[in-house]
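Trainee: coordinates only, sequence not included:
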């Protein structure tokens, strides 16, 4: 009996035998996911498959990424290299590729423009291939999948996932029989160059943890620069709460949108035991109007009646803080760039995240919301070159890297910062916008 490993495919389909099913089982699946480490020929194999299809049928193919500033950011070079090396009957015009006989068309797109997901015109495509799919956000995925709905249409994803809870990987695994999933690494690719194999083996010895992600396609679970491990975030999804007589305490914090496409995120954190807190609610909205946001915050304050309200008071948040603080009690200004209470942190934002890390590691906080835990899993710390103090990945850099801002994570962080440092502060200390300096080490979570 002949297996797919014994197939004799045309020259253009010189792909690793492990990937033959993308050709032999192409018609059986609406979704295809190829994942694994560097050197597995995932992208080259898909490009060869799509060129083969475009040679034999008239199809419209879109090659997309979460963000694409120029054609150089796309898989365009891979296509052109295969076309040139195999003398295929395609031509390029205006950064699109066409087949001279079938009329097939291959275009290249970035889905997120100015913070918004742009899928205009995708409905009529036969095949959508998303390379580097680890950058695709859940929001983009939720829009793209129902958009590619033409009869017989296909969605192909290639990736080396960074997160165990990667949105694309999770979605495709849940598709079960409707998705062909293949993991491939460099040692399963007979076409892998000797140079790459040598590089991989060197990294395997020098940096085994990095090797596992880069060359074996394992998620970047516990990178030294990641504040929160996936394992510990799993543990705080549901922490057992025991009956205990406590005086109820509720904290509310609002992280304001700072760029187009960002959300205002309000999180509510309730004390459920003497040493445990729970993120009990998250409310988000996307309105740029300052007056509307002020009104929204005041209404939420009246609805939830928190003991303290913490507002993002940097930049455009300052006038909102000023307006809200005049209308409600117990309003605290959070300055991400302000002075830290910790000697090893460069600012309040770093201080807040290190505090939240302590709460997570010690299971002092319960976070049921997947979106919040997913954002926390990707929060990175850095060290200043001058002084070595801890800083957190800037919001803009995070947004460029992951396609969204860590708004929910920041909101929860601000809550925990205020609970840890401001819960026992006097009214005079808590309310002002003055550049006061103070030390609250006596309120560390380890006391």
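Mentor: Structure received. Note that the structure is predicted; figures quoted are calculated from it, not measured.

Trainee: quick one, strands of the stretch 101-250 of the chain?
Mentor: For the stretch 101-250 of the chain, the strands defined by DSSP state E, counting those that start in this stretch cover 105-110, 112-113, 116-117, 127-130, 154-159, 179-183, 250-255.

Trainee: quick one: contacts for residue 159?
Mentor: Residues in contact with residue 159 (CB atoms under 8 Å, 6 or more residues apart in numbering) are 33-35, 42, 131-134, 166, 168-169. (Glycine included, C-beta is placed from N, CA and C.)

Trainee: identify the residues contacting the residue nearest the centre of the chain.
Mentor: The centroid of the chain falls nearest to residue 402 when counting by CA atoms, centre = their mean (4.1 Å). Taking CB under 8 Å, 6+ apart as the criterion, residue 402 is in contact with 135, 137, 378.

Trainee: try it again at 6 Å.
Mentor: residue 378 (CB atoms under 6 Å, 6 or more residues apart in numbering).

Trainee: got a pLDDT number for it?
Mentor: For residue 402, the pLDDT comes out at 74.

Trainee: also the one 3 residues further on?
Mentor: You'll see residue 405 listed with a pLDDT of 87.

Trainee: low-confidence regions, the stretch 51-200 of the chain specifically.
Mentor: 69-73, 113-118 (pLDDT under 70).

Trainee: now the helices for it?
Mentor: Ranges of helices in the stretch 51-200 of the chain, per DSSP state H, counting those that start in this stretch, are 76-85, 138-147, 167-175, 194-206.

Trainee: the nearest residue to residue 248 once chain neighbours are set aside pairs with what?
Mentor: Computed as CB to CB, 6 or more residues apart in numbering, the closest residue to residue 248 that is not its neighbour in sequence is residue 271, at 6.4 Å. Beta-bridge pairing for residue 271 (DSSP bridges): residue 277.

Trainee: residue 279 is in contact with residue 271, correct?
Mentor: No: counting by CB atoms under 6 Å, residue 271 sits too far from residue 279 to count as a contact (11.7 Å).

Trainee: about what we covered before: to residue 47, which of the strands of the stretch 101-250 of the chain lies closest?
Mentor: Nearest of the strands of the stretch 101-250 of the chain to residue 47, taken as CB to CB: strand 127-130 at 8.3 Å.

Trainee: what helices or strands is that closest one leaning on?
Mentor: Contacts defined by 3 or more CB pairs under 6 Å, 6 or more residues apart in numbering; DSSP states H and E place strand 127-130 against strand 60-65, strand 154-159.

Trainee: at 10 Å what do you get?
Mentor: When contacts are defined as 3 or more CB pairs under 10 Å, 6 or more residues apart in numbering; DSSP states H and E, strand 127-130 packs onto strand 31-35, helix 42-56, strand 60-65, strand 105-110, helix 138-147, strand 154-159.

Trainee: would you list the contacts of residue 159 in TSV and tack on neighbour count and distance to residue 14?
Mentor: Output for the contacts of residue 159, formatted as TSV (neighbours: other CB atoms under 10 Å; distance: CB to CB, whole Å):
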residue	neighbour count	distance to residue 14
33	25	22
34	25	16
35	23	21
42	30	14
131	22	19
132	19	23
133	27	24
134	22	26
166	22	29
168	25	27
169	20	27
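
Trainee: ok, back up a step: who has more neighbours out of residue 271 and residue 279?
Mentor: residue 279 (22 against 18; other CB atoms under 10 Å).

Trainee: residues contacting the residue nearest to residue 248?
Mentor: 246-251, 277-278, 307, 419, 423 (CB atoms under 10 Å, 6 or more residues apart in numbering).

Trainee: also residue 328?
Mentor: 252, 297-298, 301-302, 306, 309.

Trainee: roughly how far does it sit from residue 131?
Mentor: 48 Å (CB to CB, to the nearest Å).

Trainee: then residue 357?
Mentor: 33 Å.

Trainee: how confident was the prediction at the residue nearest to residue 248?
Mentor: Reading off the model, residue 271 has pLDDT 94.

Trainee: still on that earlier bit, among the contacts of residue 328, which lie within strands?
Mentor: Among the contacts of residue 328, DSSP state E puts 252, 309 in strands.

Trainee: of the contacts of residue 328, grab the buried ones for PyMOL.
Mentor: Typed into PyMOL, the line below selects the buried ones among the contacts of residue 328, using 16 or more other CB atoms under 10 Å:
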select buried, resi 252+297+301+306+309
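
Trainee: reformat the contacts of residue 328 as a markdown table; add pLDDT and distance to residue 14.
Mentor: Listed next are the contacts of residue 328 as a markdown table, based on pLDDT from 0 to 100; distance: CB to CB, whole Å:
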| residue | pLDDT | distance to residue 14 |
| --- | --- | --- |
| 252 | 97 | 60 |
| 297 | 96 | 60 |
| 298 | 97 | 65 |
| 301 | 97 | 64 |
| 302 | 96 | 67 |
| 306 | 96 | 63 |
| 309 | 96 | 62 |
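
Trainee: format the contacts of residue 328 as JSON lines; extra columns: distance to residue 320.
Mentor: Below are the contacts of residue 328 laid out as JSON lines (distance: CB to CB, whole Å):
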{"residue": "252", "distance to residue 320": "14"}
{"residue": "297", "distance to residue 320": "7"}
{"residue": "298", "distance to residue 320": "10"}
{"residue": "301", "distance to residue 320": "13"}
{"residue": "302", "distance to residue 320": "17"}
{"residue": "306", "distance to residue 320": "17"}
{"residue": "309", "distance to residue 320": "12"}
